[in-house]
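A.B. asks: using only what follows, build the 3D model:
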Amino acid sequence: MTSLSTLDFSENKIISLPEEIGNLDSLFTLNLSNNKLTKLPDSICNLTGLRKLDLSDNQLEELPESIGNMKSLHSVDLRRNNMKKLPKSINKLTDLWYFYVDDHLKDYVLDMIKKNLKSF
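C.D. replies: Prediction:
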């Protein structure tokens, strides 16, 4: 399935993903919203060409630290999960146009943005 560009697994009560998800290197859009995911495999960060990632409405507590490797991301939706913080590598996603998080993470995101602006 090397030419698969969009994968929509939303609303399927999925509790985990196989490591092999990282082999779908031609994906541009991955929708995993409205499932029961608590953790993502590290291999998901191998999807370096991914542009849209929807993880909303799951039970995620954290993201893989290597998410910063997904530099092609334009849109990320993390709303309605159980995350208390975000990995520091998230600030490497410099092509983001849309970054949706819950209210309790907004200050965290703003602090990361301020730190990045100081480094210019």
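A.B. asks: give the rounded mean pLDDT of stretch 9-27.
C.D. replies: Regarding stretch 9-27, the rounded mean pLDDT is 96.
A.B. asks: what is the end-to-end distance of it?
C.D. replies: Taking CA to CA, to the nearest Å, the first and last residues of stretch 9-27 lie 13 Å apart.
A.B. asks: offset the numbering so it begins at 36, please.
C.D. replies: Sure, I'll start numbering at 36, so the last one becomes stretch 44-62.
A.B. asks: mind listing what's buried along it?
C.D. replies: 44, 52, 56-57, 59, 62 (16 or more other CB atoms under 10 Å). Yep, even glycine has a C-beta here, placed from its N, CA and C like the rest.
A.B. asks: and the helices in this structure, which stretches?
C.D. replies: 138-153 (DSSP state H).
A.B. asks: out of the helices and strands in it, which is least certain?
C.D. replies: Lowest on mean pLDDT, DSSP states H and E among the helices and strands of the chain sits helix 138-153, with a mean of 72.
A.B. asks: could you check the pLDDT of residue 36?
C.D. replies: Looking at residue 36, the pLDDT reads 53.
A.B. asks: what's the answer for the one 5 residues further on, then?
C.D. replies: If you check residue 41, the pLDDT there is 97.
A.B. asks: which residue is the nearest non-sequential neighbour of it?
C.D. replies: residue 64 (4.4 Å; CB to CB, 6 or more residues apart in numbering).
A.B. asks: quick one: that neighbour and residue 44 touch, right?
C.D. replies: No: counting by CB atoms under 8 Å, residue 64 does not reach residue 44; the two are 11.3 Å apart.
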